[in-house]
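Novice: Okay, structure incoming, though there's no sequence with it:
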Ligand SMILES: Nc1ncnc2c1ncn2[C@@H]1O[C@H](COP(=O)(O)OP(=O)(O)OP(=O)(O)O)[C@@H](O)[C@H]1O
């Protein structure tokens with residue numbers, strides 16, 4: 001099953017083209033690493049798939065049937081997103097964030113509670129459940145946002161820089177969870193600069209440069225990004 005189809009997508013902000021003719025597909029259970037230099041367009045592509053940034057051209061389809069242009073709310077329910085910077089609400093405790101995500105994605109209460117318990121223990125946040133975001137460290141806020149994104153069972157999971165701010169133990173745990181999600185059929189698109197770690201997780205890579213696909217293929221054929229020359 002083709003979980004994601006991105007076809008000839010372009011995006012612009014203030015008449016500057018940020019994405020240029022992007023096309024690729026993802027099968028269920030696959031992990032695709034989006035790589036490239038700072039400013040290559042990785043986060044922009046994620047936001048465009050999510051619909052936060054409007055594409056100017058092309059089409060984006062989930063599960064072969066749900067077109068971003070036709071059924072936006074249904075389409076959005078099929079995506080879970082871990083943003084680069086945590087987007088937590090000052091009014092809600094850690095536990096209330098998890099409950100909010102569970103409700104938004106209509107997760108059964110029993111399953112939601114089981115997952116919260118497991119992930120909270122794995123990320124060592126047991127004593128933080130009733131704290132507000134401002135009393136957490138940066139890494140802890142990142143963990144809370146990560147758990148929120150992992151709670152639902154969506155066909156597509158977008159993860160922008162999953163390992164930033166996490167300690168080594170939390171990185172290893174997240175790597176395990178990403179592999180488990182993929183093994184259960186979720187397709188995962190992730191951006192990262194952790195090129196060594198990504199070789200252990202991803203099946204394929206897609207390299208962006210100045211908003212265009214520069215190369216793509218099997219992760220085994222991925223070579224470390226070349227140093228940028230002045231003409232790039
Ligand atoms: N809201 C915006 N307004 C104007 N330009 C933007 C906006 N968001 C991103 N850009 C530009 O789009 C280009 C791609 O940015 P993007 O954040 O997608 O890069 P990235 O590949 O995710 O980089 P990084 O590795 O640093 O996270 C950059 O030139 C950036 O300046």
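Specialist: Nice, I can see it. Since the model is a prediction, treat every value here as computed from it, not as a measurement.
Novice: Residues in contact with the biggest helix by length in the chain: which ones?
Specialist: The single longest helix within the chain, with elements called by DSSP state H, is helix 168-183. The set of residues external to helix 168-183 that reach it, using Cβ atoms under 8 Å, 6 or more residues apart in numbering, is 29-31, 119, 122-124, 139, 143, 146, 150, 157, 159, 162-163, 166, 188, 190, 197, 200-201. C-betas here are computed from N, CA, C, even on glycine.
Novice: Select from these every entry located in strands.
Specialist: 31, 157, 159, 188, 190 (DSSP state E).
Novice: wait, the third one sits on residue 82?
Specialist: What that stands for is residue 159. Yes - assessed by Cβ atoms under 8 Å, residue 159 is found in contact with residue 82 at 4.5 Å.
Novice: Common neighbours of those two, please.
Specialist: residue 149.
Novice: so what's residue 122 closest to, chain neighbours aside?
Specialist: residue 173 (5.0 Å; Cβ to Cβ, 6 or more residues apart in numbering).
Novice: related to what we said a few turns ago, using CSV, please lay out the ones in strands among the contacts of helix 168-183 together with pLDDT and neighbour count.
Specialist: Below are these laid out as CSV (pLDDT from 0 to 100; neighbours: other Cβ atoms under 10 Å):
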residue, pLDDT, neighbour count
31, 97, 23
157, 98, 23
159, 96, 25
188, 98, 24
190, 96, 24
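Novice: could you redo the residues you listed as a markdown table and give each row distance to residue 71?
Specialist: A markdown table is the format used below for the ones in strands among the contacts of helix 168-183 (distance: Cβ to Cβ, whole Å):
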| residue | distance to residue 71 |
| --- | --- |
| 31 | 26 |
| 157 | 19 |
| 159 | 24 |
| 188 | 22 |
| 190 | 25 |
